[in-house]
Each structure stands twice: as C-alpha cells, then as structure tokens.
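Asker: Show me the folded form of this:
(chains A and B)
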Amino acid sequence: MRITQGTFSFLPDFSDDEIRAQIEYALGKGWACSVEFTDDPHPRNVYWNMWELPMFGLKDAAGVMMEVAACRKAHPNEYIKLNAFDSTRGVESMCMSFMINRPKEEPGFGLVRQECSGRVIRYTTHSYAPDRAPGKRY
Amino acid sequence: MNHPATVDLHAILRDANVQEVLDQLDRELIGLAPVKRRIREIAALLVVSRARKQMGLESVTPTLHMSFTGNPGTGKTTVALRMAEILHRLGYVRKGHLVAVTRDDLVGQYIGHTAPKTRDVLKRAMGGVLFIDEAYYLYRPENERDYGQEAIEILLQVMENQRDDLVVILAGYKDRMDTFFASNPGFKSRIAHHVDFPDYTGDELLQIAQKMIGEMNYEFDSAALTAVREYIDLRIRQPHFANARSIRNGLDRARMRQANRLFDTALNHNTQVTSQALTTITEADIRASRVFQGGEDPPVADDKRQT
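Answerer: Residues are numbered from 1 along each chain as shown, chains lettered A, B, ... in the order given. Down below sits the predicted model:
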C-alpha cells in the first residue's frame, strides 16, 4: 500500500528536479529545510529521526540536495521526508513537508478491532512494518 | 547534435552585463592594475568558454577555484565580491552570493565537530562563492592531530565533485599561501587562477583616503591633504601596516578628533556650527595622530590582523 502524507500527497513521487524546484521555492520564502527519515510511517508517528540539523541560511538548493543524497544513501529503503520551516516570529512552524523516498515494498496497515465492555468495539489502524524489529522492517 | 555555426560573443557580453561589473571594478577600486587585468582575463576566458559551450565544443565546467594573495587591506574581499557577481552574470554560479569564512568557521574544537561545521559552511555557500580568508591556517603541520586536515579533506572533495555548485576563493599572504600550496598539492592542482594583489603606493592610498572620506560626506582642506600625504608616508613604514584598512582606521580617528574639536567649541558657548565646519577635516585633526610623534596608532577592534 503506497503511503502518502504531507504536502503534495495526492501527486506521484517527485523526481530530483522537482524536489530541487520545491526546495528553491522554500529557500526563496526564507524557510529552513531539514531532512527526516523513519521506518515507522504510522500517521500518528510524528517523531521521525532527524538527518543532520535543519539547514538555516542556505541560498541554493544544492546544499539541501547534498543532504538528501546522503540520507538516501544511508537509508535507501526507508521513508524520507523533506521539511521546510518558517522561523518568522509568530509563525515558527513547518510550512511544507513532503516525502522524497519510500521503501520498495510497503506492507501497509491493517484494521484492528478491540472488544470492549458492553458490545463496544474500538477500531485502530495497525502498521505491519513495526511488528518486526527495527532494522528489519523494510 | 544541433549547434549554431556562429556564436555572437557580443550578445553574451551584453546579456551578462559583464562589462558593467568590470567598469565598476575599474571605477571603484583605485590602483590594483595587475588585479584588474587578471580579472578581465578570467572574464574573457569565461565568456569564450560559454560561447564554446553553445557551439558544443566544451562540455565540462571549467575549474573556477581561485587564490587571491596579497598583504592585508589590498582589496581581496572586495574583488572577491565583484568576482562573485561576474561569475553569477555569466551563469557559472547560480545565486552569486559571497560567504566569507576563516579557520574558526570551518574547524571544530573536538572530535566530530569539524565535519558538520565545514559541511554547514559549504551548504550555505552553494550557489555562490566561498571566500576562505587566511586559508593557510587550515593546515597546521606542527600538530598532526589538528582538525584542520579534516576540513581540508571535505573542502577538496566538494571542490572537485560539486564544481557546478560552488566556487572557492582562498585568500591570504603570498608567502604563506605558497607554503600552504606546497604542502597541500591537492589544493594547488584544483585552483585554476592565482591572482596576486600588490601593495598600494602612497599616491594610491591618498586617492583612497579622499574617496573614503568623500563617501562619508567629509572633505580635507588643502593643509589637511598635505598632512594626510605625510601621514601615509609615515604609516607605510610602520609595522602592522594594512594598506587601505589602516587608512580607513586613521580616518576614523581623524573624524573622532574633528568631532571632539567641534564639541569643545560648543562647550565654549559657540553653538552655531556651519555645515562647512561639520564636513571639514582640518590639518590639526590629522596632525594630532600619534604617527607623527613616531608612535603607532592604537589598534582598532576592526583591525583583525593587527595582533
């Protein structure tokens, strides 16, 4: 199951040139880009691992692409996303965040039903990937 | 392959507006004739190289890394700024900004600190020009565990692999740069253009002083001008002379003395000050300098090399 999340989630995966163009847009807006990766893509998992530090003060996308390439090399078969952070006082939040890498095979999610008191049933989505140990998920 | 039979060199020059930058360089920088000639040559090479690219005769980006050597205050940083603009206009760097750094910005203080620091600087400089002032401090042979070597290795790698993204200019004293290149052949072979900045002559420094003071909306009266000339001749022979930078510091002190003089007049209840008085630096303001008593002017915080 192809997982989508963040900005442009309805579009097909970006090529490198398209990613570069988006980074240029973000840098033009004065946003700081950062790269994050994870092997646990559950939508509720907001704590992805940081790849290096957020990059402030860049003028050109080449610097960010350098880190993107390095992260892809280290984690070729995991989810990687690119964030753009607006540090303007009063805003201070992510303005753009999109996936730039995904594993070859994505096992997806299952629906888990939990029987509760009375005839209540609680539902939750369960990601298959984290059932395996970290490092063996994808 | 579809390449034009002729290329309009003039059109390249016109589109890039290179002439404008070169003229600006001529106009704004006094003296430095050999440097201006070198920059013109480099610009010519780049224009022709771009024409050759359009004809399909050249596919690889030429190596553009440079080394600027010369004594302090000879205009290396200023020329580097112009160079960034020329490279930008000709399309060799995408953004054309200049990131000026020294050893402290590149080399860390403990193990594992250097690589992220150097990479951070490189990332900020991408799309523009990285200006490394006093580059020879990166290499400290007396301490084999010095982290400078790590920074050098990362720099060399990026200089080689990402030539499209970044141009590096190394700057510093001539003799120490020569030693640095001799012990780091990797750098020497990756640097295409060596530009040597000569010291200014007394006449050039006088012109520079007049230009600087004019830009700040001051002027010398005729006696002050003679005094400045004598000041320059004395200052040149003193230790720690940093060319245009020393002149600027001398002028800053003269401005302070002028302000003090006007202030004292105001305290004597002479409150009417003409704009003439506010803009004129007199002979006394210059002659009060310690340089005339055979002493040195005290170092100013901005004089980064006066140690």
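
Asker: what's the pLDDT at the residue nearest to B:Arg103 when sequence neighbours are not counted?
Answerer: Counting by CB to CB, 6 or more residues apart in numbering or on different chains, B:Arg103 lies nearest to B:Tyr137, which is 4.1 Å off, once chain neighbours are set aside. All C-beta spots, glycine's among them, are computed from the backbone N, C-alpha and C. Listed pLDDT for B:Tyr137 reads 92.

Asker: Shouldn't B:Tyr137 be within a helix?
Answerer: Yes. Under DSSP: H, G, I helix; E, B strand; the rest coil, B:Tyr137 sits within a helix.

Asker: Counting neighbours, what do you get for it?
Answerer: A count of neighbours around B:Tyr137, defined by other CB atoms under 10 Å in any protein chain shown, yields 18.

Asker: What of A:Val91?
Answerer: If you count neighbours by other CB under 10 Å, A:Val91 ends up with 11.

Asker: so which strand or helix has it?
Answerer: Using DSSP states H and E, no element contains A:Val91; it sits outside every helix and strand.

Asker: just the helices in the chain please.
Answerer: No chain was given, so I picked chain A. A:16-28, A:61-74 (DSSP state H).

Asker: try again with chain B
Answerer: B:9-16, B:18-28, B:33-54, B:76-89, B:103-106, B:114-125, B:148-161, B:174-183, B:185-190, B:202-215, B:222-236, B:243-267, B:275-279, B:283-287.

Asker: and the residue in the stretch 51-200 of chain B positioned nearest to chain A, how many residues sit next to it?
Answerer: Chain A sits closest to B:Gly127 of the stretch 51-200 of chain B, with a gap of 2.4 Å, by CB to the nearest CB. With neighbours defined by other CB under 10 Å, the count for B:Gly127 comes to 24.

Asker: again with A:Ile121
Answerer: For A:Ile121, the neighbour count with other CB under 10 Å is 9.

Asker: And for A:Phe10?
Answerer: A:Phe10 has 6 neighbouring residues, counting by other CB under 10 Å.

Asker: Quick check: it touching A:Thr4?
Answerer: Yes. In this structure A:Phe10 lies within contact range of A:Thr4 using CB atoms under 8 Å: 7.1 Å.

Asker: isn't A:Ile121 right up against A:Val112?
Answerer: No. At 10.3 Å, A:Ile121 and A:Val112 do not qualify as touching, with contact defined as CB under 8 Å.

Asker: Surely A:Gly6 is in contact with A:Ser97?
Answerer: Yes. A:Gly6 lies in contact with A:Ser97 (CB under 8 Å); the separation is 4.3 Å.

Asker: out of these two, which sits in the more crowded spot?
Answerer: Neighbours were counted for A:Gly6 and for A:Ser97 using other CB under 10 Å; A:Ser97 has more, 18 against 13.

Asker: Per-residue pLDDT of the closest residue to A:Asp86 other than its chain neighbours, please?
Answerer: Take A:Asp86 and drop its neighbours on the chain: the residue closest to it by CB to CB, 6+ apart is A:Cys95, 4.6 Å away. Looking at A:Cys95, its pLDDT stands at 94.
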